[in-house]
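[1] sequence and predicted structure, then a few things I'm wondering about:
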Amino acid sequence: SRFYAVPARSVPFSLFQQSVEHDFQRRVALLWGVFVLPENRKKGAHFFVMIGKVFPMNLKKQLACLYTNYFFTGLRITDAVWVALLAARGFSLWEIGFAESVFHIISLLCEVPSGMAADLLGRKKALVFGGVCVVLYNLLMAFAPNLFFICVAMGLNAFASTMFSGTTSALTYDSLKQCGKTDDYLKVSATCSQITNLTTALGSLFSTLERFLRFSGFYLLSAAFECTGTLATALMEEPIVTEAQASREKQALRDLPGQLVQLVKDSIKVLRSCPLAAKLIVSSAVVCIPSYLTKMFVQQRLVELGWPTTLLFLPLLLSGLASMLGIEIARRIHPQSLRRFYAVCALLCGTGCMLVGAAPALAAIFGCMLVQGILDVWLLHATLISVDGMAYSLLMIPASPLVGAVGDAFGQAGAGLVVLGLLVAASGILIYKKQ
């Protein structure tokens, strides 16, 4: 079929209020929302909002697909056992840490470009492409014969994570905006968070099936879950609520490098003009380092202490509970000095990290909970989300293999965590003493 466009001002809004077939209404909305840009930009922006209110997408279907995606992609059944499984296959702690370092290198390099690409190509396409990358990651991990293929798989997983970062939230908000229901965003976002918490806990329980799944089985089942979540995303609609989104086809990928360079220049300029922001970024990155490394290496630590793989879900499950408790505590405290606040958080995180590295099993699990709970207390009060994540990746690149290498050198999986805990705690003492 062929569409014929006429100037927007010659079509009164009352035309859209006539009683016509729903399918015809949606075609008219598509015509005016995507292919025709009004001459007046301000009126155009208002025009897109009106189109969204009069011809909303099927919001029930959109949210059903969204919740389905959150459920199946949240079943990250390998998170609680992947280090122990790789160690059981003969990989050293240094090699496992190096693979994690590759993840953060790719994450650091792709964080901003992937977000720009998602804005250019569309959020739905970005999420589907990310889902395909996670499926490939799981298949590669299931049959990887050596460290090289493990690193390639980790790179794919990192790239997928950058495609997901912020994209799902943006797609959710734009979907509600197109339907004129932006006031429901917090409720929908809370539901998504609840689903994530539920599926994370449920996914960790899959470690009890280690006897039946083995290494490949975990990743093949994870690939099946991710396929289901990606299919749910593919059934979603791409919301069109701004003039820039309507004109995506006119934009070219070749424009991205120039935009990226300008973004970096602007970011450096802002950080130079606000030293406190730079300090917050560095301090948040330092406090965040023990968060994932404790959950990584506690797996092999508990195996060394005689725990079966089937019980490795406990640290991840209890850390999730500690995280929720930390958020509730953070809502009730109001630190007057960020310097003292950081010192306390760093001391507690460092202590928790040392407990994971050197204490008996139950105390080590408590150390994991302490680290995760304190981290959420800190992040709720002092974080700059996007740049924090990049600074965190920058520090994790050397930290992951070094913590593993120390563990290999001493023959104890927790040795590197003890060193890391001492360094984090020392940073808190130094900041507190600094005038």
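    Arrived safely.

[2] C-alpha only now, for contacts and for neighbours.
    OK.

[3] in this structure, where is pLDDT below threshold?
    1-56, 243-256, 259-260, 380-388, 435 (pLDDT under 70).

[4] one more time with 50, if that's ok
    Residue ranges of the chain with pLDDT under 50: 1-54, 384.

[5] contact partners for the spatially most central residue of it?
    Centroid-nearest residue in the chain: S165, 4.9 Å away (criterion: C-alpha atoms, centre = their mean). Shown in contact with S165 (C-alpha atoms under 8 Å, 6 or more residues apart in numbering): 111, 115.

[6] 10 Å - rerun?
    Contacts for S165 (C-alpha atoms under 10 Å, 6 or more residues apart in numbering) come out as 111-112, 114-115, 118, 127, 159, 386.

[7] buried ones from those, can you make that a PyMOL selection?
    This is how PyMOL selects the buried members of those, with burial counted by 16 or more other C-alpha atoms under 10 Å:
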select buried, resi 111+112+114+115+118+127+159
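
[8] so what secondary structure elements neighbour the helix or strand hosting I106?
    Here I106 sits within helix 93-121, counting by DSSP states H and E. Packing partners of helix 93-121 (3 or more C-alpha pairs under 10 Å, 6 or more residues apart in numbering; DSSP states H and E): helix 82-88, helix 123-143, helix 147-164, helix 167-178, helix 243-246, helix 256-273, helix 275-304, helix 385-410.

[9] run the chain-centre distance for it.
    Helix 93-121 sits 11 Å away from the centroid of its parent chain (C-alpha atoms, centre = their mean, to the nearest Å).

[10] stretch 327-336 too?
    Relative to its chain's centre, stretch 327-336 lies at 24 Å (C-alpha atoms, centre = their mean).

[11] one more: stretch 84-91?
    Here stretch 84-91 is found 26 Å from its chain centre; the criterion is C-alpha atoms, centre = their mean.

[12] CA atoms of it as CSV?
    Only the C-alpha atoms of stretch 84-91 are listed here, as CSV (Å, rounded to 0.1, in the frame of the first residue of the first chain):
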residue,chain,number,x,y,z
ALA,A,84,32.8,-23.4,41.2
LEU,A,85,31.8,-25.1,38.0
LEU,A,86,34.8,-23.6,36.1
ALA,A,87,37.2,-24.5,38.9
ALA,A,88,35.8,-28.1,38.8
ARG,A,89,36.7,-28.2,35.1
GLY,A,90,40.3,-27.3,35.9
PHE,A,91,40.4,-23.6,35.4
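
[13] how about the helix holding I106: buried residues?
    For helix 93-121, using 16+ other C-alpha under 10 Å, the buried residues are 93-121.

[14] so how far is T78 from L205?
    Distance of L205 to T78, computed by C-alpha to C-alpha, to the nearest Å: 10 Å.

[15] list the residues that contact both of the two?
    F313.

[16] so A158 sits right up against E111, yeah?
    Yes - if you go by C-alpha atoms under 10 Å, A158 and E111 touch, sitting 9.3 Å apart.

[17] tell me, what's touching these two both at once?
    The contact sets of A158 and E111 overlap at F164 (C-alpha under 10 Å, 6+ apart).
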